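K.L.:
Any chance you could fold what I've pasted below:
(chains A and B)
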Amino acid sequence: MQMIKVENVVTAFGNRVIHDGLNFTIKEGEIYGLLGPSGCGKTTLLREMVMLEKVTSGKIEILGKNVADIRRRDAQNLRRQWGVLFQFGALFSSLTLAENIALPLGEYTRLSKRMIDEIVAFKLSIVGLKQSDAYLYPSEISGGMRKKAGLARALAMDPKLLFLDEPTSGLDPISAREFDALILKLRAMLGLTVVMVTHDLRSIYDTLDRVAIIDNKQIAYEGTLDDIASVKSEFIQTFFREKL
Amino acid sequence: MKKVFSIESIDENLLLKFEGKMSLYEVPKYEKKLATVQTTSIKNITIDLTNLDELDTTAAIFIYNIQKEFASKKVTLECHNEKLLSTLELVQENMSHYSENIKPKKLSFLQKLGKIFYDYYDGFSAFIEFFGQLFASNLRYLTSLKNIRYKEIAFEINESAIKALPIVALTSFLIGLVIAYQSAYQLKIYGANIYIVDMLGISIFRELAPVITAIVIAGRSGSAFTAQIGSMKITQELDAMKTMGFEPFAFLVLPRIIALMITMPILIFVADIMAILGGMIVANVDLSISPELFIDRLSRVVAAKHFFVGIIKGPFFAFLIATIGIYRGLIVKDDTQSIGFNTTKSVVEAIFAVIVCDAIFSIAFTNLGI
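P.N.:
So this is what the prediction gives:
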């Protein structure tokens, strides 16, 4: 089943064209990577997928719904089915970690307080945080911890679809590998589909099934990592040199 | 996809059968349904997941809870689906350390009180420290003319004073208008029309213009200082400056204080003019005192000292507003809430400080016979 379909997407800020006709599809249960040099518009594309920004032309379909032209109710429904991890966690600074994670659970479900407490403890535990961290505020913890907490919040509702913006940047190598393992484990168990922007080569080779490499406003390569050596692109040749 | 939870109870056996899909939206319903079951006489519990297709982690926690809650009875789990089993296993792994009593203890009344007073003491000593630093950097940077950062000062004069001119002018014009309008009515009763000039002159020059200007500037520029410096602190710009050897006091603090101290008297002067203008219009319309007569009387009855008393207050008010605004900006903590909190505080404290300072001036000048 197709989870995400990107068709002829063009993005321009004023006169500056960022994307000039992007096409690709992401299937259910896939871990899909958006790669490319800095400033090529990976994060912008991710933001367009989660309806934070609008495409100039073309369309993005998520679970069969065109996000550029969507009814409010459908949009809300979609938002409950995905989780988004921002680059710096984007935790709400007025709430503790536990409250951050419990927020969507309290708003969208009728779960009991005790149940929510347990879900929070579970989510904290799987992302590698301690239960005692739950009562800290985002300003009291390190950047890496904020990121883990951000992932715990993104996973709070057990989403079908997970968007990750540079999930392993700023994490120590051990946490980064644990993160990769967690993503693979969740995919195997819950059939999660993951879309991530990343620069971490280890993470790319360990987790990604397929990638789209954006370079020069277009898709330079799309597919599995096995055939990447054959592509004639300066970015790809340099970036993957060590592994090729 | 169907979602079914059925409970069968035969003698000492209880069968909990989950079918179809179970997610966090179903759990609350199932939880309630399970709570209605009498379990005291039950010895064996079977959780049947053979027909369950989908299970999310919340539902897995729910099942884990059932197992834990009835640990004293014999609980058997029937499930052949590898995926579901691994989800249950993950939950078990992560929840085995969970304890409910880890929440931080609430503070007692005395502890809270102590904390509040200690925080005040801490804040006060931090403010004293800030003053010390300010004084030290004053010594360092103001002893030589070439150390003064004229460009920054000029920029701040434009930002926090020139751009504030229209709002200061408008506010004081309206204040002059309102004061004159209210008193004109009273004065007319006694036929003391001409005394409106004395009244307006003294009250505006001595008190109203300086205080109104200070309040507008505290609300406009003092709060801007806090917000600017506070956000610079959050984005680590202040740290960057320090590591590059640029003293924030020289670059950010002193220029703002000096700029405001220079421009405050000028703003008060403009406020004086506008407020008197407002009063003059009302006097002309309501009490038929011509502008020529008004100005003539103003120059005869209102001594120049009243005007100077008002102007002298300017730099003092400016110093209070700028230091409080900047100090509040510098103590912003590493979260977004802190900016809002400190901006509010800076405006409230600056206005309060201005009024206290004005009261002290008032008493001092009166006793000195000025």
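K.L.:
Just the pLDDT for residue 79.
P.N.:
Looking at chain A here, since you left the chain open. Here the pLDDT value assigned to A:Arg79 is 88.
K.L.:
Let me rephrase: I mean chain B.
P.N.:
On the pLDDT scale, B:Cys79 is placed at 83.
K.L.:
Is chain A within reach of the host helix or strand of B:Asn367?
P.N.:
Using DSSP states H and E, B:Asn367 falls within helix B:336-368. Yes. Helix B:336-368 reaches chain A (CB under 8 Å from any CB of the partner chain) through B:Thr336, B:Gln337, B:Ser338. Bear in mind the C-beta positions are built from the backbone N, C-alpha and C, glycine included.
K.L.:
can you pull the buried residues of that helix?
P.N.:
Residues of helix B:336-368 classed as buried: B:336, B:338-339, B:341-343, B:345-347, B:349-351, B:353-354, B:357-358, B:361, B:365 (neighbour count, 16 or more other CB atoms under 10 Å in any protein chain shown).
K.L.:
for it, what is the average pLDDT?
P.N.:
The average pLDDT for helix B:336-368 rounds to 93.
K.L.:
Over to stretch B:152-163?
P.N.:
On average, stretch B:152-163 scores 90.
K.L.:
re earlier: going by distance to A:Leu190, which of the residues of helix B:336-368 next to chain A wins?
P.N.:
Ranked by distance to A:Leu190 (CB to CB), the residues of helix B:336-368 next to chain A are led by B:Thr336 at 32.8 Å.
K.L.:
Would you mind confirming that the closest one makes contact with A:Ser93?
P.N.:
Yes. The criterion here is CB atoms under 8 Å, and B:Thr336 meets it with A:Ser93 at 5.1 Å.
K.L.:
that older thread, among the residues of helix B:336-368 next to chain A, which one lies nearest to B:Ile266?
P.N.:
The closest of the residues of helix B:336-368 next to chain A, once distances to B:Ile266 are taken by CB to CB, is B:Ser338, at 33.5 Å.
K.L.:
How much space separates that closest one from A:Gln2?
P.N.:
To A:Gln2, B:Ser338 is 45 Å away according to CB to CB, to the nearest Å.
K.L.:
Could you do A:Ile236 as well?
P.N.:
Distance from A:Ile236 to A:Gln2, counting by CB to CB: 26 Å.
K.L.:
quick one, which of those two is more surrounded?
P.N.:
Higher neighbour count among A:Ile236 and A:Gln2: A:Ile236, with 21 against 12, using other CB atoms under 10 Å in any protein chain shown.
K.L.:
Extract the CA atoms of the longest helix seen in chain A and return them as CSV.
P.N.:
Selection of the longest helix in chain A by residue count, based on DSSP state H, yields helix A:173-190. C-alpha atoms of helix A:173-190 as CSV (Å, rounded to 0.1, in the frame of the first residue of the first chain):
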residue,chain,number,x,y,z
PRO,A,173,27.1,7.3,18.9
ILE,A,174,25.8,4.8,21.4
SER,A,175,22.4,6.5,21.7
ALA,A,176,22.4,6.9,17.9
ARG,A,177,22.8,3.2,17.3
GLU,A,178,20.2,2.4,20.0
PHE,A,179,17.9,4.8,18.2
ASP,A,180,18.4,3.0,14.9
ALA,A,181,17.7,-0.3,16.6
LEU,A,182,14.5,1.1,18.2
ILE,A,183,13.2,2.3,14.9
LEU,A,184,13.8,-1.1,13.3
LYS,A,185,12.2,-2.9,16.3
LEU,A,186,9.1,-0.6,16.2
ARG,A,187,8.8,-1.1,12.4
ALA,A,188,8.9,-4.9,12.8
MET,A,189,6.3,-4.9,15.6
LEU,A,190,3.9,-2.1,14.7
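K.L.:
Are it and chain B in contact anywhere?
P.N.:
Yes. Remark: helix A:173-190 sits within contact range of chain B at A:Lys185, A:Ala188, A:Met189, A:Leu190, by CB under 8 Å from any CB.
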